[in-house]
Every structure is written in C-alpha cells, then in structure tokens.
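**Q** no sequence on hand, only this structure:
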C-alpha cells in the first residue's frame, strides 16, 4: 500500500532515506527514453499495458513467472544499471505541495540508516533538491517514451511477446501481458518513415528494444540459480517468439460450441 | 393508393427499358443499397469494405456501392441489443471498438436475464453469451441435474457451468482496459444507440470506405423482361443503375414488397406480441451502474425490455393487444420505469411478426426489417442483418448467372434461420407456470411449432446437444436451449443415464474449473461503468 503526503519539515524532519526501497517483489520498472541504451544492457525492455489506461508503458522486465525480482539478491540490487524510476521510488511531484514533493510514508525506503531529508535547521537537504530534479527529468523522459511507443503502435510495429516457461516438473507457464517490437514490421517501414524515426532518435531506440528481448536468457539464468525455486534449475527452459500481426477476436478461449450466439 | 404506387414501382405503368440493355450474364460491379437505417449502413459498409478495398491493387475490379436514403422516412431504430457477431462485423468494416463505444454510446452486453417468466415473481435466470465450460468435451447438463439432486448447492445451471452470470450479478465488465479491442475474458456483445450507430456507420462508410450517399425517395424501378431491376428512379429525376439491389427500407419494403410483391409470412400463430411501447430514461445519477446484460421482465400480457446504454436506459413493453389494452400496457411500462420516467414520451411500434416468403428474388435481396420482424426477445434483428451480409458481402455473386444459385442458398438458409428464431423465442413462452390468459394461450399445443414440440419431448430424456441441430452454423444452438430449459425449470430425467458414468470425473473437474474461472474473473474485471469511462477517456489498444 502507499500513502502519499506532502513532504513537510515538521512531519518528516527526522525521516531518513535509503538508496532504494526493498524491491524483492518488483516485477518491472518503468524506463524513460534516454535510459534505453543503458537499461538494455541489463534487462529485457518490453511494453506492458497500464492497468488504468491500457496505454503501453516501456518497462524493464525484472521477473518471469513469479512476483520475484531476479535482479535482487541478498537485500540489494545486482545489476549494472538502475532505472531512474527505481531511484525515485517513494516520491512524487506535486506542484501544490510546499516543497513540490509528496512522499510515500508507507515505503520502506524511509528508514534509518540513510540520508536525512531535512537539516537540523529544518531546511531540505541537497538530497531532496536532487530528487526533485530527478523526478522532473524522469517525468519528461517517461512521457517521451510514452509518445514514442504510441508512435510505434500507430505504425503497427508492436506485437504480443509470447513467452512460455517449461518448469522442471514439466508444467508450462505462459508469461502474458508483454509486448515488443516486430523486427520484420520494422524492416518493412517505408523510407520516409524510417528517416523520420531516425531523426527523432526512435529508430535506434527501436533497435535496442527489439534486441533486448535476448536478455530473456539472462532472466532465465537468474531464475535458474534462484534458491527460491528449489533447485532442478538446469532442465528449465523458455522460448519466446514475436508472432505476426493478428486480429485478437477469439475471446473467451472456449471450445467452439457450434452456434453463432456462443461462437465468438 | 398502394396498388397504384406498386404499379409504378413495379414498372407496370411505365415499361421503360424492360427487356433491353443488359445481356444475360454480366459481372456484379454496382450495388445499390436502399435505406439509411442500421441495416442499410451495415450492408453498404460490409459490401464496400469487402469488395471495394481502396488499398487494393490498382487495375483490380472494385465494386461501387451506392446508398439511397429517403429524406423523409425516419429509421425505426429499435435494434439496441446485439450479438457477439457485432464484434466481427465492426472489425470487418474496419471500425475500431473504441470509436464505436464512444460514438454509438455503446456498452457491453453479456447476455440476458429473464425475470418472472416461470412463476411471475422474482424468479430469474440468465442466458449468458458464454457457452458452458468444456463445451464440446462433456455435456454438463445431465451432470448438473445429478449434482442438483444429490448435493443441492443452490446454484442454478448458468452459474454452475459458467462464470458470466456472476459477472452480471456483480455488475462487472467482460474485459479489462488491458484487453485488446474486440477481445475479452468473457464472450460479449453490445448495447448501442441505434440512431448514433447508423450515423457512425454512415460517416465511416462514406468517408473511409468510398460509399456514395444519395438522398432521395425512390419512386419507380426500371426492370428487365426477366424481372431484374436495372435502375431506380428518384423523385428528383435521378436514375441510379445497379447490378444488385439491397432493400433495407424497413417495414415498407420499397423493393421486396412494392416492386416484387413478395408477401410476408406471418408467425403470429406462434408469437402473439403485436405491439411495443418504448421509453428512454436518463440515469437518476451520473454514476449509476450500467447493467451488463439485458433484463427481460415478464408481464401479464408480454414482457418489458431494459437495456442500459452509456447515457440512458431504453425500456419497452412488448405485448399482445389481444390480451391487454394500450393504456394498460403503458401503465405497466410506467410502473416498471418508476418516477424517473414521469412525463417522458412513449413511442409506439407495431410488430407485424413474420418474414418474407422469399428474401432474395431476381437481383434484389431484403435485409433487416424489410426481410422480417419479430419481437426483440433475443435481440435477433441486428444479428440477422449481419448474418445476411456474411453471405451478400463475403460471397457477393461474381456474375449475374452466379446470383441465382446463391440466392437459392440464401433463401433456404434464411427460412431455416427464421424457423429456428421463432422456435427459440416460442420456447421462452411454453415452459411457464403463469396463469394469465396470455401465458395460458401460449401453452396451447396448436401454437407450438411441430419441430419444437418434438424436440421438447426428446429433451425431457436427453440433454440438448450439437447433434440436435443440423446446420454447421445455427443461430441458436444447444447451449442456448440448455440455459432456457434449465433456467425455467423444465422437468428433465437425465440422471442415471448409462452414458454419464465414464464422464463423471471429467464433469467434476469442469464444474471446479468453472468455479475457478469465476474467482479469477471476479478478481480481475472492473465494474462495467468504470471500464466504459476508461475506454471513452483512454481508448482500447488494438492488440
């Protein structure tokens, strides 16, 4: 649960901030446009729909079949790059707040030992100033990523990513709700569109996003050595594919009963 | 007056070019749709989207589609409930589900809830759009009867074999904002504003699909010696030539009736309702929940529909004028609608229940109310239009010579479909225990189609199954019959049948699966109105 309140020297005068919140159960993290080259070196970058709006977010995938962050071990992150959204966890911008920030009082990020948010004089520390700047840049960067992904959707480049895990016991687990770019659809774009994407910096981003799908192997390796799985890691494998475009109308997932009324 | 007009329209008064012009065979390249209601625009859009692809390769033939709409004839606009088929139709005409929901005030429909049909009280059952779980593997109907007898759970058939009734009870949508357009966790159709829908289709068909829209009244038809229509003459002197004519002119049947004189085959001997009174009621509060199903509440001499849209509800009383008066019917409707409907005008609609003896004659095919009309008990009106277009658009005759066999198939298909629709609607009336004269008259064996009576006898002993229906595509198939039969407490004797033994384990698993699906769906799906609000604000993704 979260409980955001305006950052306030009286209420939060003694609060300390740790580098990140506990992220052991984090499934994915939002990624901004400028972060793509760095994040792609560690994570599969995919698109996942926002639960409120259905709009695609660009995310770094951190988990597979379980809500377990595979880049979190022994109480800390194990990766070469940490997404800005992770670094900003526990804070939100709010122009109406005196200091321009809200903090999530329920976040375990706010615990000692850590950096103080306010000095003994009650003035916000440099860490608070830095966080405000970080959040402003992050919001702009996430919006830029959103706009880019909306453009990819318009160009019909986005496809559902089919990921199937075969567990040691033989069971198959489909990891749903992930989307990626279709390399073949990218390759078929008309020249003027390619130039336009290039000028906007979206072509290299698209290439990196498409290539980062191969980091699924890394997730699989990390899951395989994860002690929470109870061993037998070597026999687990996954496959993924980017299927061609198709109309998704076969909802219900039921066997066809023959009649027109119940047939769809 | 009518005869005189028929003479003019049928070409008897002015032979014109009859018998001249076209050779016996020619490619079908010009389609003329007459009528600008839902039927006309669905027909024009379907034919154009399928046969006049503007992105098709140049040099390939494309069909030119013209829609002629009368400036004076209002559309009937009663079709507010669809079938799941509408998702296919929208996709086929390349309309986005988001645009449709926003423009036609549309919401989702997951079936119908029938209230008071058996006992006349608050007894109720669902006819959901999901088939029973495991349809095609195990027929759960007899197993449900066994379970009900040995371990009464209190759960009715629809709730035992599927989760959709639970979604309707809870006011939840069949999908979430993260589902793509036209896909969901549960099967679904729509409730829509027919007038707004026709406008959306018109703008789309004219603006995007290249349909030519002509406003004018048809006053006569030029015909060949063989009886084909060659051209329509409009009141302003415009002549519209065509190879195929689609009559979507509603009850008037400007071509099928006035040109060809094809009579209506009445089904009033089976279905007594001949009048409807309709009301549109605003929601009491802006955020009122929107029912995700049609509610059909039985009355003394008919029934009341209740359909929730985004901005209003549509309610209407379908009744038999032989069993109640217009005043009594309106009083019953207003009593149902409550104080929110006070002072709101009621619209009266005649239901001349029946269908044409021939739907496709020469080069003219009737689609929509011109083909037939029946009380909207199972929302079959728009579905029959869509089903017609599945043939006419997807299998548009290549040539005039190919048209006759396709017309023969079409006529046979639609005689079959109409018979099944009539039987299925009648089924709702003949399992009742109500005592009012309207309901008792419905039980008279002379008013029950013979095939239905025979099937009912069979279904006392054997659960309805796919083998009971002869066609690959039946409008109402065995799941629908099971939902109504069990919903109305039809006495069956399925328990202990020797074929059930080997299935019992699988049936147990399927009942458990239905329960698991219900828990999952109830946890994942949003309230209906909040989903519609989110779609109107953010839109659905195409994938």
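**A** That came through fine. Just so it is clear, the model here is predicted, and its values are computed rather than measured.

**Q** quick one, strands of the stretch 401-543 of chain B?
**A** For the stretch 401-543 of chain B, applying DSSP state E, counting those that start in this stretch gives no strands.

**Q** residues from it in reach of chain A?
**A** Contacts of the stretch 401-543 of chain B with chain A, taken as C-beta under 8 Å from any C-beta of the partner chain, map to B:466, B:469, B:472-480, B:534-535, B:537-543. Where C-beta positions appear, they are placed from N, C-alpha and C, glycine not excepted.

**Q** repeat the analysis, applying 7 Å as the threshold.
**A** The stretch 401-543 of chain B comes close to chain A at residues B:466, B:473-477, B:479-480, B:534, B:538, B:540-541, B:543, as judged by C-beta under 7 Å from any C-beta of the partner chain.

**Q** where are the low-confidence patches of the chain?
**A** You didn't pick a chain, so chain A it is. Where chain A drops to pLDDT under 70, the residues are A:225-258, A:263-264.

**Q** actually chain B
**A** B:1-23, B:54-60, B:77-79, B:152-153.

**Q** give me the residue from it nearest chain A.
**A** residue B:477 (2.7 Å; C-beta to the nearest C-beta).

**Q** skipping adjacent residues, who's closest to that residue in space?
**A** Leaving aside its chain neighbours, residue B:477 sits nearest to residue A:259 (2.7 Å; criterion: C-beta to C-beta, 6 or more residues apart in numbering or on different chains).

**Q** burial of that neighbour, as a residue count?
**A** 22 (other C-beta atoms under 10 Å in any protein chain shown).

**Q** that one contacts residue B:472, correct?
**A** No - applying C-beta atoms under 7 Å as the test, residue A:259 and residue B:472 come out as separate, 10.3 Å apart.

**Q** which positions in the one helix or strand residue A:204 maps to come out as buried?
**A** Mapping residue A:204 onto the secondary structure by DSSP states H and E places it in helix A:202-212. Residues of helix A:202-212 classed as buried: A:202-203, A:205-206, A:208-210, A:212 (neighbour count, 16 or more other C-beta atoms under 10 Å in any protein chain shown).

**Q** repeat for stretch B:386-397
**A** By neighbour count on 16+ other C-beta under 10 Å, the buried set for stretch B:386-397 is B:386-393, B:396-397.

**Q** then stretch B:165-185?
**A** Buried residues in stretch B:165-185, counted by 16+ other C-beta under 10 Å: B:165-168, B:171-185.

**Q** and chain A, which of those contact it?
**A** B:177-178, B:180, B:182-184.

**Q** turn those residues into a markdown table, including distance to residue B:520.
**A** Formatted as a markdown table, those follow (distance: C-beta to C-beta, whole Å):
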| residue | distance to residue B:520 |
| --- | --- |
| B:177 | 17 |
| B:178 | 15 |
| B:180 | 19 |
| B:182 | 21 |
| B:183 | 16 |
| B:184 | 13 |
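
**Q** could the residues you listed go into a markdown table alongside secondary structure?
**A** Converted to a markdown table, those look like this (DSSP: H, G, I helix; E, B strand; the rest coil):
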| residue | secondary structure |
| --- | --- |
| B:177 | coil |
| B:178 | coil |
| B:180 | coil |
| B:182 | coil |
| B:183 | coil |
| B:184 | coil |
